[in-house]
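A.B. asks: just coords:
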């Protein structure tokens, strides 16, 4: 009977020992891990001895385990027996031990994460919001402040976009020029970097150059001086002067034609009179030579018919000469007078035209209009989205 009791007690002790080992092994492993992670700390000052605890209420009796009679087996506390000097572990819901707090690590901290860059990031976010709301002037100012704090090349691209959009709200050519400058500087800074394709930026610069050229032409047209034309009264007076001048010129042309005609007729009349005079003189000379002198003793070598014919020619030549000279004396002065009158009128009208500042070019047909300058084509590229910057 006593042997069976001892066997039963040995089995119970083995079960308790196995349960305690299952609890202690994870706790010991956890303690080793915490000791390896936590840095060494100076030992805390010795605490004052705790006051004597009041006597606890007597707990209900529990069945005690049988004690082995073997002196080589030591008594092992049960699973509910607290270990001296050990508090509740974090796994049991207790407060973590001071030795388990991880030390602050400096790994992963960006050396460029300065207050200036943080402020630049805040300004960039505000500028992006203003850009999306159409407040391009505010967006340009915020982007410029962010650039001064953190000169990121992408900020130049965003400044170009903001100024280009600003032109749509405030159409000043300076916005286009500033946008072109920002894009050019962005292209210079990004040359030679990886993952940069300058085709889009170059297209923006070409579009801006075309738009600037068109705006400069418009500005030149607006600044061109406007010459005010004559009034209606001045135009009517000028038209009356032109009509009177044209009438006088037509009259001068007629006077010149009549004068020339009279001069020609007078000249022919004088020529006829001169011819008649020559005929009269020739017939007189022949009559004197053939008829003889007044002396009756001189013989007459011509017949009576010839003598009569020469005498008639002598009389007709004298009449023709007289008529020609008289007609020439009449027609020539009249023709000269008409010609002089026409010349005077024509010279006077032409002199008035020159004195009034007009010249003959006014009467010439108008020249064809010069070929208009080619206008720039419509710009196909327009400002778009901003670039994202990571600070």
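C.D. replies: It's in. Small disclaimer: the values here were computed from a predicted structure and weren't measured.
A.B. asks: can you give me the helices in the chain?
C.D. replies: Assigned by DSSP state H, the chain shows helices spanning 2-37, 115-132, 136-149, 153-169, 173-190, 199-223, 232-290, 304-355.
A.B. asks: so which bits of the fourth one are buried?
C.D. replies: Going back to what we said before, that points to helix 153-169. By 16 or more other Cβ atoms under 10 Å, the buried positions in helix 153-169 come out as 153-167. Bear in mind the C-beta positions are built from the backbone N, C-alpha and C, glycine included.
A.B. asks: same check, this time on the shortest one
C.D. replies: Judged by neighbour count (16+ other Cβ under 10 Å), helix 136-149 contains these buried residues: 136, 138, 139, 140, 141, 142, 143, 144, 146, 147, 149.
A.B. asks: residues touching the first one, list them.
C.D. replies: This points to residue 136. Counting by Cβ atoms under 8 Å, 6 or more residues apart in numbering, residue 136 makes contact with 130, 162, 163, 165, 166, 168, 169.
A.B. asks: ok, the last one - contacts?
C.D. replies: Residue 169 sits next to 134, 136, 137 when contact means Cβ under 8 Å, 6+ apart.
A.B. asks: and the second one, by the same measure?
C.D. replies: With contact set as Cβ under 8 Å, 6+ apart, residue 162 has these partners: 127, 131, 136, 139, 140, 143.
A.B. asks: not counting its neighbours along the chain, what's nearest it?
C.D. replies: With sequence-adjacent residues excluded and distances taken as Cβ to Cβ, 6 or more residues apart in numbering, residue 162 is closest to residue 140, at 4.1 Å.
A.B. asks: if I look at the one you found, how far off is residue 218?
C.D. replies: From residue 140 over to residue 218 the distance is 23 Å, taken as Cβ to Cβ, to the nearest Å.
A.B. asks: how about the buried residues of helix 153-169, which pair is most distant?
C.D. replies: Using Cβ to Cβ, the buried residues of helix 153-169 span at most 22.6 Å, a distance reached by 153 and 167.
A.B. asks: could the contacts of residue 162 be laid out in a markdown table, adding distance to residue 249 and pLDDT?
C.D. replies: Listed next are the contacts of residue 162 as a markdown table, based on distance: Cβ to Cβ, whole Å; pLDDT from 0 to 100:
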| residue | distance to residue 249 | pLDDT |
| --- | --- | --- |
| 127 | 77 | 93 |
| 131 | 73 | 94 |
| 136 | 68 | 93 |
| 139 | 73 | 94 |
| 140 | 69 | 94 |
| 143 | 75 | 94 |
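A.B. asks: out of those, which comes closest to residue 261?
C.D. replies: Within the contacts of residue 162, the smallest distance to residue 261 is 85.3 Å, found for residue 136 (Cβ to Cβ).
A.B. asks: apart from its chain neighbours, what residue comes closest to that closest one?
C.D. replies: Spatial nearest neighbour of residue 136, excluding adjacent residues (Cβ to Cβ, 6+ apart): residue 166 at 4.0 Å.
A.B. asks: mind listing what the one you found touches?
C.D. replies: Shown in contact with residue 166 (Cβ under 8 Å, 6+ apart): 136, 137, 140, 175.
A.B. asks: cutoff 6 Å now
C.D. replies: By Cβ atoms under 6 Å, 6 or more residues apart in numbering, residue 166 lies in contact with 136, 137, 175.
A.B. asks: list the contacts for the second one?
C.D. replies: So the one you mean is residue 137. Counting by Cβ under 6 Å, 6+ apart, residue 137 makes contact with residue 166.
A.B. asks: would you mind measuring from it to residue 348?
C.D. replies: 69 Å.
A.B. asks: also residue 264?
C.D. replies: Using Cβ to Cβ, residue 264 is found at 26 Å from residue 348.
A.B. asks: any buried residues in stretch 195-209, and which?
C.D. replies: Neighbour-count burial for stretch 195-209, with 16+ other Cβ under 10 Å as criterion, is recorded at 201, 204, 205, 207, 208.
A.B. asks: count residues in the vicinity of residue 194, would you?
C.D. replies: Using other Cβ atoms under 10 Å, residue 194 has 5 other residues around it.
A.B. asks: quick check: phi and psi on it?
C.D. replies: When read as degrees, to the nearest 10, the backbone of residue 194 gives phi -80, psi 150.
A.B. asks: pLDDT wise, what is it at?
C.D. replies: If you check residue 194, the pLDDT there is 83.
A.B. asks: contacting residues for residue 248?
C.D. replies: Counting by Cβ under 6 Å, 6+ apart, residue 248 touches 345, 349.
A.B. asks: coming back round to it: how close does the residue nearest to residue 136 get to residue 131?
C.D. replies: 10 Å.
A.B. asks: cool, residue 178 as well?
C.D. replies: 16 Å.
A.B. asks: check contacts around residue 256.
C.D. replies: 339, 342.
A.B. asks: residue ranges with poor pLDDT in the stretch 251-391 of the chain?
C.D. replies: Where the stretch 251-391 of the chain drops to pLDDT under 70, the residues are 291-302, 355-384, 391.
A.B. asks: residue 326 versus the residue lying closest to residue 283 once chain neighbours are set aside, what's the distance?
C.D. replies: Among residues not flanking residue 283 along the chain, residue 314 sits closest, at 3.8 Å (Cβ to Cβ, 6+ apart). Separation of residue 314 from residue 326 (Cβ to Cβ): 19 Å.
A.B. asks: hang on, the earlier thing: I'd like the contacts of residue 166 as CSV, with distance to residue 248 appended.
C.D. replies: Formatted as CSV, the contacts of residue 166 follow (distance: Cβ to Cβ, whole Å):
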residue, distance to residue 248
136, 69
137, 69
175, 63
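A.B. asks: among those residues, which one lies nearest to residue 234?
C.D. replies: residue 175 (45.0 Å).
A.B. asks: if I look at residue 130, how far off is residue 273?
C.D. replies: 110 Å.
A.B. asks: among residue 314 and residue 326, which residue is more densely surrounded?
C.D. replies: Taking other Cβ under 10 Å, residue 314 and residue 326 do not tie; residue 314 has more neighbours (18 against 13).
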